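1. kindly return the folded structure for what I paste below:
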Amino acid sequence: MSTSPEYVTCIQRLLTEIGYRHESFPPYDVDYWGPFHVWMLNTLGPTSSWTEKQLAELEHSAGGVIERSYPHASTQVKLLFAKLTAIAILIDDSIEDEVVYEQIVQFSQRLYRGEAQQTGMLALYHATIQLRHRRPVYSRRPRIKTYRSQDTSKPFQISHSTSRS
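-> As a prediction, this is how the structure comes out:
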């Protein structure tokens, strides 16, 4: 019987008590990573002054966070969220540039006025957030609410609705 240091036992007990469980990365999804990589190279890359190495790290970070955070979402939803995450990180890291900072400050005002965004990065962000409004992300299928009568072996239908309640 081997003895482990006391701190190992404490860490194991802590992890057990908080219900921690390790989840490995999902398998590589070519339908997600392929289009996201192409978008990073051909769409986001040209709007920034970042190096190829910085863009690769941004792609890995933004794509990985979304892939792990929304494992059951459709590929379309994951791509949209990954794109928005990558753009938000890029914008956040560009705040030090005074011109970009001023354009970020004016972003909401231009958005409400219906004016075009000034930089490629903010224009890309605006176009990406507009995707959600052009295409429905979730379908609106009728939902059937069922309840059981007092005789629990016989379910009966109450109503049909299209709301997402």
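
2. please enumerate the helices of this protein.
-> For the chain, helices defined by DSSP state H occupy the ranges 6-17, 30-39, 52-69, 75-93, 98-105, 107-113, 120-134.

3. most packed of the ones you listed?
-> Of all those, helix 75-93 has the most neighbours on average by mean count of other CB atoms under 10 Å, namely a mean of 18. From N, CA and C alone the C-beta is placed, and that goes for glycine too.

4. flag the shaky bits of this structure, pLDDT-wise.
-> 1-4, 131-165 (pLDDT under 70).

5. grab the most central residue of it for me.
-> residue 81 (3.2 Å; CA atoms, centre = their mean).

6. which residues touch that residue?
-> 66, 69, 70, 73 (CB atoms under 8 Å, 6 or more residues apart in numbering).

7. and the residue nearest to the last one when sequence neighbours are not counted, how far is that from residue 88?
-> To tie it back to what came earlier, the one meant is residue 73. Computed as CB to CB, 6 or more residues apart in numbering, the closest residue to residue 73 that is not its neighbour in sequence is residue 81, at 7.6 Å. Using CB to CB, to the nearest Å, we find residue 81 at a distance of 10 Å from residue 88.

8. can you check residue 113 too?
-> Counting by CB to CB, the gap from residue 113 to residue 88 is 22 Å.

9. check residue 79 too.
-> With CB to CB as the criterion, residue 79 and residue 88 are 15 Å apart.

10. what do you get for residue 11?
-> Residue 11 is 34 Å from residue 88, by CB to CB.

11. with residue 69 instead?
-> 14 Å.

12. please apply the same query to residue 67.
-> With distances taken as CB to CB, residue 67 is found 17 Å from residue 88.

13. residue 122 against residue 88, yeah?
-> No: contact criterion CB atoms under 8 Å: residue 122 and residue 88 do not qualify, at 11.3 Å.

14. residues contacting the nearest residue to residue 90 once chain neighbours are set aside?
-> Leaving out its chain neighbours, the residue that sits closest to residue 90 by CB to CB, 6+ apart is residue 48, at 5.6 Å. Counting by CB under 8 Å, 6+ apart, residue 48 makes contact with 55, 90, 94, 121.

15. the first one is in contact with residue 47, isn't it?
-> No: using CB under 8 Å, residue 55 makes no contact with residue 47, being 10.7 Å away.

16. name the nearest residue to residue 88, sequence neighbours excluded.
-> In space, and not counting its chain neighbours, residue 88 is closest to residue 125: 7.6 Å by CB to CB, 6+ apart.
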